[in-house]
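1. Have a look at this prediction, sequence included:
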Amino acid sequence: MRSSLVYLVALLAGSTGWAQTLPSPPAAAPAPNAAPAAAGDEPDDAAQLVSSRTQVFIQVSRAAHWRQALERLRADTLTHDLLVSPRMDNSWVQLQTMLNLTGDELFDRMFGRQVAVAVYPGSTDHLVAMFCRIDPSDGRMLVERAQLQRSQRLAPVQGFTFYRTVERGGARVGLRSSWMIVSQPRRGGLIAQLLDKTEGQSLAEDPVYRQWQAHMPHDAAIRAFVHREPDQVHIAWVHCLERTVTIHYRGQAPALTAWLCKWDIPDQPVHPPLPASVYAVAELHAIDHDPSHYQTDALDQFLAPKNFRQDVLPRLDSPLVFFSAAPGPGSSNSVAEEDHGRQGISEANPPDASAENPASPEEHPASAPAEDNVQPLHVPVLGFCFRLRDRSLADDLDRWITTGLLAVNLNPNNDESTAPVITVQTRNRPDGFYRLADIGHVLADRTGKQVFQHAELVFGRIRQWYFICSSETFFNQCDQVAAGTQTISPLLAGMDNPDDGPADAAAPATRRPLVSVVVQTTPVAAQLRQWLEHEERRIAVTGYEMDQLLRPSPYTRWVRASANLCGTLDQCRGLSMRLWADEQNILHGRIRFIAADATAPTPACAATTQP
C-alpha cells in the first residue's frame with residue numbers, strides 16, 4: 001500500500017527521528033511505563049487542543065476512507081514515485097516492524113480517523129506537530145510495542161503524557177485517552193506553548209478561525225487554515241461528492257488586493273473560435289494596461305521604431321488562451337517515425353553485455369526498418385491566441401514574427417552551405433491570409449531529433465483573434481469555426497459554467513474570472529502512452545541493461561511516474577480549474593477532478609465567442 005497520506009505521515013515520522021533502525025520488538029514485551037491515564041471530556045476536533053496562535057492548521061477527516069479512494073484511482077502509486085524518498089520508505093517499514101502491523105493496519109489504526117498538522121511559531125524556529133485521533137487501546141499498544149519511555153523534561157499538559165523513543169534524538173510522542181501528538185525532538189518548550197491555553201483561547205474559539213471556517217462545509221475531507229499575519233488569511237478544503245473531487249481556495253491579503261487592482265478583469269469572458277479537436281484549454285482573462293508596470297527595453301530594440309508600451313499594449317485585449325488539440329487527418333503533426341522492430345530485451349535478442357557505457361540513440365546503429373514497420377508518432381497541436389483591440393496590430397505582428405524567423409537563418413548550426421533554412425509562405429483564406437513557416441528541418445538539424453522534421457509554425461489573424469500554433473490544418477479549422485461552418489469546442493461551454501457540480505459553501509455574488517483551465521484527460525493519457533511506447537523503442541535500440549534502466553535517476557523516476565499517471569488519468573474524465581475575484585477583491589480558486597463514471601454536468605449556457 002502506497003497511499004500518499006501514508007507517506008505524509010512517514011515524512012513527518014522520518015524527519016522527527018521516530019523511525020530509526022530498531023530491532024523487532026519481542027512478541028510479549030512488558031510495558032516499561034504505565035499507559036496514559038484517560039482524560040475527562042475528549043474533544044472531537046484537534047482545533048480544540050491547540051492555541052489560537054497556531055499559524056498553520058491542516059486537518060484530514062476519515063483518512064482511512066480516502067486511503068482506499070486513492071488506491072482505486074491509482075494515485076497512491078503515482079504520488080509515491082514522484083514524492084517518496086527511500087528514507088521515507090524505510091521509515092514506514094520500520095514503523096510496521098515496531099508495532100507488528102501491516103501498512104494498512106498501521107495507517108487505519110493510528111491515522112485513519114482524524115489527522116491534523118499544526119505549525120506553531122517560535123522565536124527562531126517553528127514547531128510542526130501532528131495530532132491523531134486514536135482508540136485508547138492503540139495508545140497502550142504503542143507504549144508497549146514501541147518501548148516508549150516517559151519524558152523527564154516535559155510535564156503533562158492538557159492531559160497529554162509525553163514519551164520519547166529509545167534512541168537519542170527521537171521524536172516526542174504525547175498520549176491522552178483518544179489523542180496522540182507526534183512532534184519534532186528538542187521542541188519541548190514550544191510543545192507546551194502549543195497546547196497551553198491559560199493565556200488565550202484555543203484555535204477553535206478564535207474569531208478569525210471561526211469566521212473563515214464558516215466558508216468550509218462540515219463534510220470536507222481536508223481543511224487547511226493559514227493565518228501567519230494579522231491581515232492575511234488563506235483557507236483551502238477538499239470536498240468529495242458523487243465521484244467528483246473538488247479543491248477549493250479562498251484568500252485575502254494586502255498583496256493580493258494590490259495585485260488584483262492592477263488588472264482589467266472582464267465581467268463576462270469571451271472565447272476564441274476553437275474546434276472540437278481541442279482537449280485542453282487555459283485562459284488568462286485579465287490584462288494589465290498600465291505601461292508603468294512593464295520593463296520592455298530589450299523588446300523595444302527588436303520592435304523599433306515602435307515600442308511595446310505605446311504601440312502594442314494599447315491594442316491588446318484579454319483573454320490570452322493556450323490550447324492543445326489532437327492532430328487531425330492529414331495534419332503535419334502526424335509524422336512517421338522509424339519503428340526499430342520493438343526488439344526489446346529478451347532471450348532471443350539479449351543486450352550487449354560487453355558494453356559498459358551503452359551508446360545513446362543517436363550513436364547506436366539501428367538496422368534499417370522495413371516500410372511496413374513505420375509507425376506514426378502523433379504530436380499534439382500546441383499553440384496560443386489572444387484577442388486584439390485593434391486589428392491593425394496583426395500586420396505588425398506578422399512582420400515582427402517573420403523577421404525573427406528569418407533572422408535564425410543568419411546563425412546556422414554549421415558552416416555547410418547545405419544547412420536547412422526557415423522559409424515563410426503567405427497563404428490565402430476566405431477572410432484574409434495567414435503565414436506558414438517551415439521550421440521542422442531546422443529543428444531536426446539543430447537538435448538531431450528527426451521527429452521534428454515536419455514541424456511547422458502557423459500565425460495570423462482570425463477575426464478579432466491572433467493565432468500562433470503548430471498546425472495549418474488546425475488553423476483552418478479555427479477559421480471554419482469563426483465562419484460558423486464547424487462546431488465550436490464543448491470545453492468552452494464548460495468554462496462559462498463555474499457552478500457545475502457541488503456548490504461552494506459561501507459562493508460570492510459576483511465572479512470576475514482570472515484564470516480558467518479545462519482538460520479532457522483521456523486524450524492526455526493517450527498522448528502520454530504514445531510517448532512511453534516511443535521511449536520503449538528508443539531504449540531497445542540503445543541496448544540498455546534492465547538494471548541500468550531501473551537505477552534511480554530523475555529520468556527513470558519520470559518514466560515510471562508517467563506510466564502510473566496514465567492509469568490515474570484513465571480513472572478520470574476530466575479536470576477543471578477556476579481562479580476568480582469577488583467584489584471585495586477576495587481571491588477564490590477551485591480545482592475539480594471528475595471520475596470517468598461520474599454523471600456529466602449539463603452546461604449552463606453555450607460558449608460565448610466574439611468575432
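-> Okay, I see it. Residues are numbered from 1 along each chain as shown.
2. ok now do residue 485, which residues does it touch?
-> By C-beta atoms under 8 Å, 6 or more residues apart in numbering, the contact list for residue 485 is empty. C-beta: built from backbone N, CA, C; applies to glycine.
3. Tell me, please, where in the stretch 501-611 of the chain the pLDDT is lower than the cut-off.
-> Within the stretch 501-611 of the chain, the ranges that satisfy pLDDT under 70 run 501-511, 537-557, 597-611.
4. Which strands and helices lie in contact with the longest helix along the chain?
-> Counting residues, the longest helix found in the chain (DSSP state H) is helix 521-542. Using 3 or more C-beta pairs under 8 Å, 6 or more residues apart in numbering; DSSP states H and E, the elements in contact with helix 521-542 are strand 278-284, strand 375-378, helix 554-570, strand 572-581.
5. Export the first one to CSV, keeping only CA atoms.
-> The C-alpha atoms that make up strand 278-284 are tabulated as CSV, following Å, rounded to 0.1, in the frame of the first residue of the first chain:
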residue,chain,number,x,y,z
VAL,A,278,-9.2,20.7,-28.6
TYR,A,279,-8.8,18.7,-25.4
ALA,A,280,-7.0,21.3,-23.1
VAL,A,281,-7.7,25.0,-22.8
ALA,A,282,-6.2,27.5,-20.4
GLU,A,283,-7.5,31.1,-20.4
LEU,A,284,-6.0,34.2,-18.7
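6. Neighbouring strands of that strand in the sheet, and parallel or not?
-> Paired with strand 278-284 in the same sheet, following DSSP bridges, are strand 316-325 (antiparallel), strand 512-520 (antiparallel).
7. and the shortest one, C-alpha only, in PDB?
-> Just to be clear, that refers to strand 512-520. Written as PDB, here are the backbone C-alpha positions of strand 512-520 (Å, rounded to 0.1, in the frame of the first residue of the first chain):
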ATOM      1  CA  ARG A 512     -14.700  38.200 -12.100                       C
ATOM      2  CA  PRO A 513     -12.800  35.500 -13.900                       C
ATOM      3  CA  LEU A 514      -9.000  35.500 -13.800                       C
ATOM      4  CA  VAL A 515      -7.900  32.000 -15.000                       C
ATOM      5  CA  SER A 516      -9.900  29.100 -16.400                       C
ATOM      6  CA  VAL A 517      -8.500  25.700 -17.300                       C
ATOM      7  CA  VAL A 518     -10.400  22.700 -18.700                       C
ATOM      8  CA  VAL A 519      -8.700  19.400 -19.700                       C
ATOM      9  CA  GLN A 520     -10.100  16.100 -21.000                       C
END
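8. what comes up buried for it?
-> For strand 512-520, the neighbour count (16 or more other C-beta atoms under 10 Å) marks 512-514, 516-520 as buried.
9. what's in contact with that strand?
-> 263, 265-267, 269, 279-286, 491, 494-495, 498, 573-582, 587.
10. between it and strand 572-581, how big is the angle?
-> For strand 512-520 against strand 572-581, the angle by axes from the mean of the first three to the mean of the last three C-alpha atoms, to 10 degrees is 170 degrees.
11. quick revisit: the strands paired with strand 278-284 into TSV, with extra columns for distance to residue 237?
-> Below are those laid out as TSV (distance: least, C-beta to C-beta, whole Å):
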stretch	distance to residue 237
strand 316-325	28
strand 512-520	20
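12. Residue 203 is nearest to which of the ones you listed?
-> strand 512-520 (30.5 Å; C-beta to C-beta).
13. Next, the angle from that closest one to helix 554-570.
-> Going by the same axes, to 10 degrees, strand 512-520 makes 90 degrees with helix 554-570.
14. circling back to that earlier point, can you select the buried ones from the contacts of strand 512-520 in ChimeraX?
-> For the buried members of the contacts of strand 512-520, the matching ChimeraX selection, counting by 16+ other C-beta under 10 Å, is:
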select :263,265,269,279,280,281,282,283,284,285,286,491,494,495,498,573,574,575,576,578,579,580,581,582,587
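15. just for the stretch 1-150 of the chain, where's the confidence low?
-> Short version for the stretch 1-150 of the chain, where the test is pLDDT under 70: 1-41, 68-89, 91.
16. change it to 90
-> Low-confidence segments of the stretch 1-150 of the chain (pLDDT under 90): 1-45, 53, 60-114, 121-128, 136, 138-150.
17. The strand or helix carrying residue 404 - contacts with which helices or strands?
-> For residue 404, the host element (DSSP states H and E) is helix 393-408. Packing partners of helix 393-408 (3+ C-beta pairs under 8 Å, 6+ apart): helix 297-303, strand 423-429, strand 432-438, strand 456-462, strand 465-469.
18. Quick check: can you name the pairing partners of the fourth one and their directions?
-> Within its sheet, strand 456-462 is paired with strand 432-438 (antiparallel), strand 465-469 (antiparallel), according to DSSP bridges.
19. Would you mark the buried spots in the helix or strand following the first one?
-> Per DSSP H and E, strand 432-438 leads on to helix 440-447 as the next helix or strand towards the C-terminus. By neighbour count, with 16+ other C-beta under 10 Å as the criterion, the buried positions of helix 440-447 are 440-445.
20. hmm, back to that, right, and the strands paired with strand 456-462 - which one's nearest residue 98?
-> strand 465-469 (57.5 Å).
21. Do me a favour and average the pLDDT over that closest one.
-> For strand 465-469, the mean pLDDT works out to 96.
22. got the angle for the very next helix or strand once past it vs strand 278-284?
-> Going down the chain from strand 465-469, the next helix or strand is helix 472-483, by DSSP H and E. Angle of helix 472-483 versus strand 278-284, following the same axes, to 10 degrees, is 70 degrees.
23. Helix 472-483 to strand 423-429, inter-axis angle?
-> Counting by the same axes, to 10 degrees, helix 472-483 lies at 30 degrees to strand 423-429.
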